[in-house]
Structures are given as C-alpha cells and as structure tokens.
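# got a structure for you, letters missing:
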C-alpha cells in the first residue's frame, strides 16, 4: 500500500516540531483574521509572503495553508455571532447560525460549525491523499459550457434559499446579477455601469457587498428598535450541542462533506457554490424544513462542513495541475514560485515530502483548530454580553478598517455604507439578501462562461445540450424549476378556488 | 522681485536639503495590482533589501483597480519627494493609454522612470494534440483552416492577446481570440484542448512545458531565453522583428529631484543584484534587464508606448 507509506512520510514531515509550530501559527493567525470582519486571508497571506522567503518551503506553505483554513473557521464565528460574513462561504452560515444565536443557541451553533468542519476536513484530506491525480482529470473535463450549466443550476437552486416569497427571491437574484455586471466586460473591455468612476472598473467587491447587506444592515435594524432591542445574553443556553442536536447534525455533516468535496475540485468557482448547494440540499431533505430561517442546526452543519471540505479539495487542482481555484490558491502559487517550486503535477513526484507533508499538515491543522475553537466558544459568547453602545461602534470600526485594507481605498468604505442602506431597505421590504449575494457571485461567472462557450462554438447554443455533463446540469435545473413552481401553482389554484366559493 | 528671488532661493535650498536628507521618512512602494501577483512579489523582494540599505522602513502598499491605473495615478499626483513611488508596468505605461482611450496621467511626463526591474518573455504554447510542431507548421495549419483555430489570453488587451494579434497580422492568418479572466483558466482550457494555442508568460508556462502538458513552439523575445535555450524565437521562425516582453519597474512622480532618482536607481539595482533577490526574480522568468539608467528606462517606456499604441489600434482591442 503505497498510500500508507506516503502518508507516513507526510506525517513524518508535518509532525516535526518546526512544522507543527508553523501550522499552529498559521491556524491561530487564520482564526484571528477570520474573526475580524473584512480582513481576509488574501491580504494576510500577501503581507506574510516576504517573511516566508527565508523559511524552509515546506514550513512556509504549511503556515500559509493553515491561515487559509483557519480563516474559514474564524469566519463562521462572526457570521454566527453578529451576522457578519467575512468570506463568501460564510454567507450561508449567517442564515441559520445567526438565527440560532438570536434564540440563545450561539454555543451549539459554534460547536456544530467546529465539529462539522473538523469532520469534513478529515474526510476531504483523505480524498486529496487518495484521489488527487484522478480527480484532477475531472477538473479538466469542466469547460465553459459545463460551468455555465452548473451556474444555471446554482441560480435555480438559489430561489430555494429564500424563506418568504418566491417572487421576491427571484427579484433579489436578478438584482444581484445586475450588480455583478458592473465593471469591465471580459470580452470587449468596455466599462459597464461604472458611471466614469474608475474605482468601479474592476467591479464591486464581494466582501464589501456582503458586509454592507448583512452586517451593517443588521446593526441599523437593531438600533431602530429602541424599546425591544434584542439581548442575546439573557438567553444564552448550554454551550455544547445536546444529544438531540448531535442526532440532527450528523446526516447533514455527511451530506455537506460529500457536496463540498465534490464541488471543491472545480477551479472556476466550484468551492464558492459548495456551501450554497449544501444549504439548498438540507432545506429540501431535512425533516425540520419548517425550522429553516428560524435557526435550524442542519442549516449550519451542512454548509459549514461543505465549505471546509471544499477549501481542502480546492488544493487538488493546485497541487496536480498548477491551476489556482481561487485568490488564496493563486497566492499559494506565488509563494511556491518564490521558493523555486513550479506548481504542477511534477510536485508530487519530484518533491514528495512537500506534497505529502502539506496534506498531512492539513489534517493536523484541522485537529488543532477544533481543539483551539471548542474551548473558545465560551469566550466568544462573552462577546455578546458587551453592551451594544460599545459592541456596535467597535464592529463598525473593524468593518471600516477591514474594507479599507482590501485595496487601501476609502471608496470601498463608501460602497459598503451604500449597501448597508440598501440592506436596510431590503430588510424593511422583507427581501432576503442571500439570493442577491448568490446572484452577485454567480452572475459574472455565468455570463463569462456563456459568452466563452458561444465564442468557442461559433454561436451555436446547442453546445450546452451536446456535452453530457452540461446537459445533465441543465436537465436537473429544469426539473428543479418544475418542482419549485408546482407547490406555488397549487396554492395559487387553491386560493382561486377559495375565492370562488366565497362568491 | 527681491522677495520672489529670496523665496526661490529658499525653495531651492529646501528641495536640495530634502534630496540630501532622502529618505527622511518611511518610503512607500505602491503596487498597483493585487497582493501576491508577480509585480507585488518583486516589489516586496526589493523593498526588504531597500529597507536595509536606506535605513528607513520601506512599505509595499497594494492599490489595485482599473487595470493598475488607480495606483499609478495616485503616485503621479503624490508629493515628488521620493517617499512615494510606484511599480509601473507595460499595462499602465504602454498599453492602457491607448486601450482605454484615455488615462488620467501622462505615462512619460508625470513620471521619473527610475529602474526597470523585470522583463519576462511570453512563449507560444499549443495543445499537445494540435498537429503543428513548429511555428511554420502552425502558420500552415491556420491558413488551411481560417477562423477555426482559437487562441486564448488572460484578458482583452493583455500582452498575450496583443502578441496573438501581432502574430496574426505578421503571418496573415485568422484565428479567434478567446479572452479569459486571468491566464490560469486559459491554460486549463488549453490543456483540455478546448482552445488551441496561447501566448503565456514564461514563468507560469515553464512548469507545464517541462512536465509535457503543453508544447512550446517559440519565445516572443528577439533573443532566445536562458530558461529554454532550445526553443526558437519567433524572429528566427520567419516573423522578422517580433520582439515582446512583459516588463515593470520602479517609477517616481515626475518632479522628483534628480539626486533622489539617481540614489534610488542605484539602491534598487543593488537590491536586484543581491544573490537571493536575483535568484527569486529569475524564478519569475526574468533575467537582469540590460536597461540600467533612468534615461534608458524613459526612452524604453516611450518606445514601448509607441509600439503598443499602434498594436492596440490594429488589433481592434480598443473598446469603442
């Protein structure tokens, strides 16, 4: 069994005192920046790059990887406690996690996120170790038409994200799509909807929109209620999940892990979709579907497992093809090149210590994170006892610093403020921000791949149905649309009949 | 009049003093692109060395946006005292002014071009299953199937795109340009055979060429590259005069005093010559550029601007 000797080699490397320390430094840093709203792993890794120049390459990469998945852990903490998604993957955690916190179940929500992430991390590390080379072939099979159809499926599923009206959900998805169009057109280079503002030339940043729509809007809504402002602290229950909670979260964690591991392999936004997809599945499959929107533990367990699994398997295209799946992976390539390592398939054969050491360290890092984070839950909950007059200004300051640090430009802070107001208006109109965020993320990807596919097919739209993977996604989307619209049709008809009887 | 002269003398004296005292404060190097890219990394490499030799903190600040124009424009309008400089690149100083119609700065007059840091060739790579084994065969193939071959690039108006357009123009072939958001997804589609060829940055293409995932046909510089000495140039493959590199270097605001520019030039060159920095710049595909002095650099930028203005116009990449 070659795999065992490989893993043994990997753990030999990962468990050396120096590498253990680098891993610990990485995950602690990652957790910290994940908790601070707006300060993301991209900026942190970039700032740390020069320090890694003089380190041993394995230790350096282990630390950088630790920051990446540490940030995933930390990001869910603020999402759950104060409704602030620092990462695209934690947007979904806000939906149920924050509701759980409002009901005094912040402890179990945080614990679920940690346990789910750990389990998913273990499984997906194994997936990377066992199947990295064959899975890389899957990534190669995904071309523009496959991505486009996958995005269509994602958007159709997005309407399931909403708790209230279907029409409002669709309207919000469309708003998100429109906002995603702002910036330079990939094909022609023409500026769209930039109104001569050069800061808009690269589009609106995701973090800026998410922080405004969720965090800022939430603060405004809360401040408005002078008499019955929410106090979480009086109802903080047990810190750990109950036996019932464990029973409910287990299948969700399993499903989330599978979804995340599968989608994480795709470099073009696959990992982004993972947590959204897991949430959609949980909502459709769960026996407790009626609890969604009010703090269902499945809605935390599934997406949290999915995003961590996706984070892990997104190393597959990086390590085997040298193709970065997201901005953080692109930085890892930069870090490897600085060390004189050309990322790609030859890394595995030429530098097995590095390859397997990194994989083993992923597991070690996940273990460290769960050990670090479970006892910290009590501490995080204490954060909620801070009075609002101190907590809110503090959050606001951190948000502004975080957003400013994205590109050292005050313009981003203004944009965040704009989306804060928009988020408040949407809250008043009972329009959910989550479908909008998904539209905002997927819209540009979808357009880009649609146009590229059409260019490659010289304008023949049938290409989407001629490729088997693409056709499958489209057929599932159509089926899903039918399923979603059926109950709506039925209730409409029932309303109509009820109206008839009254006459 | 006397007062004015006094004022002038005073101003002159203080500016001279400023030059002598430079750097009196921390120096900022603005990288007009996202952190972690090659431009950012090379700036950070040099900054670490400058910090030792200048005795002042040297900080790299990322100000991405608008294809690099935001950061460049910010420095063009900063105080010309040598404490704020920028990494200007082929995009911001040669391509964007024509590609975008107008930019809020003058790439020549608003800058002192201090030191050219990096020059990286592009190489022409093709999918393994494409029957063409040389540039000549590729041209023949493209001519036998007009409009059927696709060439990918990292974005519209990138050096990869413009190299492709120049190739088309010089060989009289017609191929379809498929723009991507960054070179990485383009390379993935090239490996999978969805697009046929692309002009990719040498540093990123090298690993794929060596591992046999793609086939290299030629390098875009006039001289062969030390990294792939067996790879012919386009110039020797029948495209006479084909010479393109991606480059970037340190630039200061236009009115920065000469002594400061000279000192900075010397210090950056010294930093680049340090063995560890040199080795890492090499890992990015860059050999030490032949252009050393600010005057040579300015002349080079002016020439590049002229070349690309013509090329962008000819390629039709300019948005209307």
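That came through, no problem. Keep in mind that what you see is a predicted model, and the values were worked out from it rather than measured.

# quick one: residue A:238 is in a helix?
No - according to DSSP: H, G, I helix; E, B strand; the rest coil, residue A:238 belongs to no helix; its state is coil.

# Look up the closest residue to it, ignoring the ones flanking it.
residue A:107 (6.1 Å; CB to CB, 6 or more residues apart in numbering or on different chains). In this view, the C-beta of every residue, glycine as well, is placed from N, C-alpha and C.

# So for the host helix or strand of the one you found, mean pLDDT?
With secondary structure defined by DSSP states H and E, residue A:107 is part of helix A:106-141. The average pLDDT for helix A:106-141 rounds to 86.

# cool, stretch A:402-417 as well?
Mean pLDDT, taken over the full extent of stretch A:402-417, equals 87.

# what about it, start to end distance?
Its first and final residues considered, stretch A:402-417 spans 13 Å by CA to CA, to the nearest Å.

# anything in that stretch near chain B?
Yes - taking CB under 8 Å from any CB of the partner chain as the criterion, stretch A:402-417 and chain B are in contact, through A:407, A:408, A:409.

# picking up where we left off before, packing partners of the helix holding residue A:107?
Under the contact criterion of 3 or more CB pairs under 8 Å, 6 or more residues apart in numbering or on different chains; DSSP states H and E, helix A:106-141 touches helix A:2-14, helix A:57-82, helix A:99-102, helix A:243-264, helix A:298-313, helix A:315-321, helix A:352-383, helix B:183-192.

# weakest of those helices by average pLDDT?
Per-stretch mean pLDDT for those is lowest at helix A:315-321 (a mean of 79).

# so, in contact with chain B or not, it?
Yes - judged by CB under 8 Å from any CB, helix A:315-321 comes into contact with chain B at A:317, A:321.

# Tell me the residues of the stretch 151-300 of chain B that contact chain A?
Within the stretch 151-300 of chain B, the positions lying close to chain A (CB under 8 Å from any CB) are B:155-157, B:176, B:178-182, B:184-185, B:187-189, B:191-192, B:194-195, B:203, B:206-208, B:210-211, B:213, B:276, B:279-280, B:283-284.

# element containing whichever residue of the stretch 101-250 of chain B sits closest to chain A, please.
Ranking the residues of the stretch 101-250 of chain B by distance to chain A (CB to the nearest CB) places residue B:207 first, at 3.3 Å. With elements delineated by DSSP H and E, residue B:207 resides in helix B:202-210, which encompasses its position.

# and the angle from the helix or strand just after that helix to helix B:202-210?
Along the chain past helix B:202-210, the next helix or strand (assigned with DSSP H and E) turns out to be strand B:215-219. Here strand B:215-219 points in a direction 140 degrees away from that of helix B:202-210 (axes from the mean of the first three to the mean of the last three CA atoms, to 10 degrees).

# Contacts only, for residue 121.
With no chain named, the answer covers chain A. Residues in contact with residue A:121 (CB atoms under 8 Å, 6 or more residues apart in numbering or on different chains) are A:69, A:308, A:309, A:312, A:362, A:363, A:365, A:366, A:369.

# my question was about chain B
Under the criterion of CB under 8 Å, 6+ apart, the neighbours of residue B:121 are B:202, B:219, B:220, B:221, B:225, B:244, B:245, B:246, B:285.

# Count the residues that sit near the third one.
A count of nearby residues for residue B:220, using other CB atoms under 10 Å in any protein chain shown, gives 26.

# Turn the helices and strands packed on helix A:106-141 into CSV, columns for mean neighbour count and distance to residue A:402.
Formatted as CSV, the helices and strands packed on helix A:106-141 follow (neighbours: other CB atoms under 10 Å in any protein chain shown; distance: least, CB to CB, whole Å):
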stretch, mean neighbour count, distance to residue A:402
helix A:2-14, 16, 31
helix A:57-82, 27, 10
helix A:99-102, 22, 21
helix A:243-264, 22, 25
helix A:298-313, 34, 20
helix A:315-321, 26, 26
helix A:352-383, 20, 17
helix B:183-192, 23, 27
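
# Relative to residue B:59, which of those is closest?
Nearest of those to residue B:59, taken as CB to CB: helix A:57-82 at 20.7 Å.

# Show me what that closest one is packed against.
Applying 3+ CB pairs under 8 Å, 6+ apart, one finds that helix A:57-82 makes contact with helix A:17-35, helix A:41-52, helix A:91-93, helix A:99-102, helix A:106-141, helix A:298-313, helix A:327-338, helix A:352-383.

# how close does whatever residue of chain A ends up closest to chain B sit to residue A:327?
Closest residue of chain A to chain B, CB to the nearest CB: residue A:46 (2.8 Å). In this view, residue A:46 and residue A:327 are 10 Å apart by CB to CB, to the nearest Å.

# Flag the shaky bits of chain B, pLDDT-wise.
Scanning chain B for pLDDT under 70 picks out the ranges B:1-20, B:317-320.

# quick one, phi/psi of the residue nearest the centre of chain A?
If you average the C-alpha coordinates of chain A and look for the closest C-alpha using CA atoms, centre = their mean, you land on residue A:89, 1.0 Å from that point. In terms of degrees, to the nearest 10, the main-chain angles of residue A:89 are phi -70, psi -20.

# Return the residues in contact with the residue nearest to it when sequence neighbours are not counted.
Excluding its sequence neighbours, the residue lying closest to residue A:89 (CB to CB, 6+ apart) is residue A:307, at 3.6 Å. With contacts defined as CB under 8 Å, 6+ apart, the neighbours of residue A:307 are A:72, A:87, A:89, A:90, A:92, A:93, A:117, A:260, A:271, A:274, A:275, A:278.

# What residues does the fourth one make contact with?
This points to residue A:90. Contact partners of residue A:90, counting by CB under 8 Å, 6+ apart, are A:72, A:75, A:76, A:78, A:79, A:275, A:307.

# Same list (those residues) but as TSV, adding distance to residue A:191.
Formatted as TSV, the entries for the contacts of residue A:90 read as follows, by distance: CB to CB, whole Å:
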residue	distance to residue A:191
A:72	34
A:75	32
A:76	36
A:78	34
A:79	33
A:275	32
A:307	33
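
# Of the residues you listed, which is the nearest to residue B:110?
Nearest to residue B:110, judged by CB to CB, of those is residue A:75 at 41.0 Å.

# higher neighbour count, residue A:46 and residue A:327?
Neighbours around residue A:46 and residue A:327, counted as other CB under 10 Å, are more numerous at residue A:46. The numbers are 24 against 16.

# Which members of the contacts of residue A:90 are the farthest-apart pair?
Within these, A:78 and A:275 form the most distant pair, 15.3 Å apart (CB to CB).

# which stretches of the stretch 51-200 of chain B form strands?
If you assign secondary structure with DSSP state E, counting those that start in this stretch, the strands in the stretch 51-200 of chain B sit at B:58-62, B:84-89, B:111-126, B:150-153, B:176-179, B:197-201.

# Now do the last one: which elements does it pack against?
Okay, so that is strand B:197-201. Under the contact definition 3+ CB pairs under 8 Å, 6+ apart, strand B:197-201 sits against strand B:111-126, strand B:150-153, helix B:159-171, helix B:183-192.
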